[in-house]
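>>> Model the following, please.
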Amino acid sequence: MPRKLPFRVIHVSGQDESYRAAELNYHSPLTKGWQSSRYCLYPQDIVIQLENRSRLRKIQILSHQYLIATKIEFFVGDVPDEQLQDLENARYTRLGYVSLSDNEKTGYKARELKSVHVDAIGLYLKLNIHKNHINKYNIYNQVGIIAINVIGDDIRRPTDLTDPDVYLDPDKRKAIEADPSLEGLYNKPDFISPLDDLAFDMYQDPEIAGIIRKLEKKKQEAVLQERFEYAKKLKAAISELQKVGEKLGKYEVEKRQAVENEDYDKAKLRKVQMDEYRLQVYKELNLPDLLETSGSRHPQVIDLEPIRQATPPRLQEISYRTPPQTPPPRTPYDERPLPAMKNFTKRHVKPTDLAKDFIPPPVPEEEDPAPSETNTGITGEPEPMGEKELREASYAIDAFGEPLVSKAYSKTWSYREDALLAVYKHVQESSVSAKEECRNLLKATIFLIKRAIDDKVYSVFKAGLHLLRMILTEYIPKHKLTKQDTIYAVEKTMPNLLHKGGDTAQRNREDAKNFVLEEASLMEVKPTNIVPHECTKPIKLSLAPRQAQTQCEIVEALYLKLGIKSNTGLTVENLMQFCVTALGHNSDKVREVAERIIKDLYKEVRDPVKDYLPPDNEKTRKITLYRQLFEYFDKVDGKPTKTDVKRKRADDERKKQQEIDMLQQQLQQLKDMAAGKQPIDESVLENKKGAPRRPSIASKKMVGTSLHPSLV
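Numbers count the residues shown, from 1 in each chain. I've put the predicted structure just below:
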């Protein structure tokens, strides 16, 4: 199976002293990459040597954000068998080239990742880098490459029959031994692990990346051994560690930037945060147990001490077997812009993100003040806001300032979360006394809360709920604002909460529903009855099923909790109008909740409920939904349902028919005995005499019948 191939740069035609080619040997968030010398001659060459002769399957190049080459050519080199493995003896074959975007559309704020699928065998890979794109930032006409990644298979002679990759018959094995160039071409699935992708190492803390690879290997082994519970735990741990690795990588970059700016207090703070966060995660995940370091047949010991290096060496690659998978359709190359590492703290990119990220070009930045224990956690500057966003957020900018609001609009979730925490602290400690200023601050805060509730990141959503709870329980009472201000806060945020109830993540739906119910019981909110009023607005029939179901469940919980007898905001009218509309929804789960509300309401008020339903007649009862409701009403009223009446009538008819059949049978026997067709049966005569007479039937049947003389 293809994997990341280790290599080292053995030749470069030129390099900047601050950005040497040796940087390409390592992949980490701290990698600076290679840059050509100033005013160099083109084309520039870079030659890398693989550890072993390999079959190349994929080549990845991460270009600089503004030192961009117009074109890069690829050559694979190999040495004939009879010659020494030396660069001078290499013979190169041209594979092709890729063209790079001039990056003008992104404002030179994104890096371009080129992924080229190839199929070539060799020991060397040469990059022929052509002249640069001209732009205002590239004043020395340089080109730069941040990272190179090579994925492929090692080629080895398959003489070891215990090797799991060798499943060849003797004839094919002889052919491979006769032609070494065919080695490695059989039984090699094309699946490439996401952990071998260049984006993974460039944005993951190296130590965490190594742990993830070990856990991934353990997961594959557990699947082969059918230890599915263990595999499930490993999968969850890997997912969590990927988030942790990205955050630690961001902290590492921030720490290095602080050192470069000689802001050692900030660097120290970041180092302490990293160490504490790392150890906390290791403890929570219980890594020794996940790695089975104390009871496994193949223990893997991992050092949990947070020891870091400025430029960590390439971690040992872990190869593992997976069941063959169908490879995705191949394309000439992938184009994936990745954010600039110098400004990595301004963006948060997942390893598998394919979308373009926008990061300002490197410009002198103002030195941040040294963080303190009361710092809100907001550091650095996010991407600038556009004109539309500035107009939209003008109210919030007036209240909190553009720097903080720009963080709330950032594409990086951690900045959005930090912005909400800063707003929380600012509002909580606000000492404004003028009512108008208090209301302005309230409106600005509600605007940011609405955005937070709609946020896809769970932590940002939760921060928005905490902020809204504080507004309703602390800020409004503290500044003695009116009921209208409370109604404004709830009325503006309720549509966002109800919309969150249709989220695909269950915890988001549950948190939104629980907060609405909690909100309805708050001392400041309950007297206004605004929550029941907003929730019982009839839903649209085109509303998404999950959102409609959640809203119906909220209304049901409000009814069971508040009732309709006192001044709760719930009445028979608004409940029934809501439920009747919900009964027309195309989702059965929505209709079920609405039915439950109607049934519970009928138990309490009886007949007024029927005023909002269609008339109770045969035509209406043909509809299953209404038939079930009306039958339930009859049952509650102690009346036999029409189904019970029909069943009783059918039972009576069946008994009557049985009696008729019995009498007809006895009559036929009497006729047979009178005609001498069968001997006289005394029991029949006795039954006949003792049988109840039905004049309407027996007399009619006996007309014209004569008895045998012997029976007289």
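>>> Roughly how far does residue 639 sit from residue 604?
In this view, residue 639 and residue 604 are 18 Å apart by C-beta to C-beta, to the nearest Å. For the C-beta atoms, the positions are set from N, CA and C on the backbone; glycine is no exception.
>>> let me fix that: residue 93
With distances taken as C-beta to C-beta, residue 93 is found 85 Å from residue 604.
>>> same question, residue 563
In terms of C-beta to C-beta, residue 563 sits 8 Å off from residue 604.
>>> Which residue ranges of the chain form strands?
Here the chain has its strands, by DSSP state E, at 3-4, 7-12, 34-35, 44-63, 71-78, 91-99, 110-129, 144-154, 333-339.
>>> Contacts only, for the residue nearest to residue 407 when sequence neighbours are not counted.
Distance criterion C-beta to C-beta, 6 or more residues apart in numbering; nearest residue to residue 407, sequence neighbours excluded, is residue 419 at 3.9 Å. For residue 419, the contact set (C-beta atoms under 8 Å, 6 or more residues apart in numbering) comprises 378, 404, 405, 407, 408, 410, 448.
>>> wait, doesn't residue 242 sit right on residue 211?
No - using C-beta atoms under 8 Å, residue 242 is not in contact with residue 211; the gap is 10.5 Å.
>>> For these two, indicate the residue with more neighbours.
Neighbours were counted for residue 242 and for residue 211 using other C-beta atoms under 10 Å; residue 211 has more, 26 against 21.
>>> what pLDDT does that one get?
Here the pLDDT value assigned to residue 211 is 91.
>>> And it, how far from residue 248?
11 Å.
>>> Check what pLDDT the residue nearest the centre of the chain gets.
By C-alpha atoms, centre = their mean, the chain has its centre lying nearest to residue 505, at 7.2 Å. Per-residue pLDDT puts residue 505 at 90.
>>> how close does it sit to residue 241?
Relative to residue 241, residue 505 is positioned 20 Å away (C-beta to C-beta).
>>> Kindly report the same for residue 386.
Going from residue 386 to residue 241 by C-beta to C-beta gives 35 Å.
>>> Between those two, point out the one with more neighbours.
For residue 386 versus residue 241, neighbours defined as other C-beta under 10 Å are more numerous around residue 241 (23 against 10).
>>> List the residues that contact the more buried one.
208, 211, 212, 215, 281, 285.
>>> Out of those residues, who's the most crowded?
These, ranked by neighbours (other C-beta under 10 Å): first place residue 211, 26 neighbours.
>>> Could you tell me the end-to-end distance of stretch 13-30?
24 Å (C-alpha to C-alpha, to the nearest Å).
>>> mean confidence score for that stretch?
90.
>>> Any chance of a markdown table for the contacts of residue 241, columns distance to residue 624?
What follows is the contacts of residue 241, written out as a markdown table (distance: C-beta to C-beta, whole Å):
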| residue | distance to residue 624 |
| --- | --- |
| 208 | 57 |
| 211 | 57 |
| 212 | 53 |
| 215 | 52 |
| 281 | 54 |
| 285 | 51 |
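>>> Burial check on residue 405, number of neighbours?
The number of residues packed near residue 405 is 25, by other C-beta under 10 Å.
>>> So in terms of bridging, what pairs with residue 19?
Taking DSSP bridges as the rule, residue 19 bridges to residue 16.
>>> Residue 145 touches residue 46, doesn't it?
Yes - look at residue 145 against residue 46 with C-beta under 8 Å: they come within range, at 7.4 Å.
>>> Mind listing the shared neighbours of these two?
Common contact partners of residue 145 and residue 46 (C-beta under 8 Å, 6+ apart): 24, 34, 127, 129.
>>> and which of those is nearest residue 274?
residue 24 (25.6 Å; C-beta to C-beta).
>>> give me every residue that touches that closest one.
9, 33, 34, 46, 48, 145, 147, 148.
>>> Return the closest of the residues you listed with respect to residue 543.
Nearest to residue 543 among the contacts of residue 24, with distances taken as C-beta to C-beta, is residue 147, at 47.4 Å.
>>> now the closest one, nearest residue through space, not along the chain?
Leaving aside its chain neighbours, residue 147 sits nearest to residue 62 (4.4 Å; criterion: C-beta to C-beta, 6+ apart).
>>> now do residue 475
Residue 475 sits nearest to residue 427 (C-beta to C-beta, 6+ apart), 5.7 Å away.
>>> So the one you found is in contact with residue 441, correct?
Yes - between residue 427 and residue 441 there is a contact at 6.5 Å, judged by C-beta under 8 Å.
>>> do you know how far the residue nearest to residue 231 when sequence neighbours are not counted is from residue 202?
Distance criterion C-beta to C-beta, 6+ apart; nearest residue to residue 231, sequence neighbours excluded, is residue 222 at 4.1 Å. To residue 202, residue 222 is 28 Å away according to C-beta to C-beta.
>>> What count of nearby residues applies to the residue nearest to residue 616 when sequence neighbours are not counted?
Excluding the flanking residues, the one nearest residue 616 by C-beta to C-beta, 6+ apart is residue 630, at 5.2 Å. For residue 630, the count of nearby residues is 20 (other C-beta under 10 Å).
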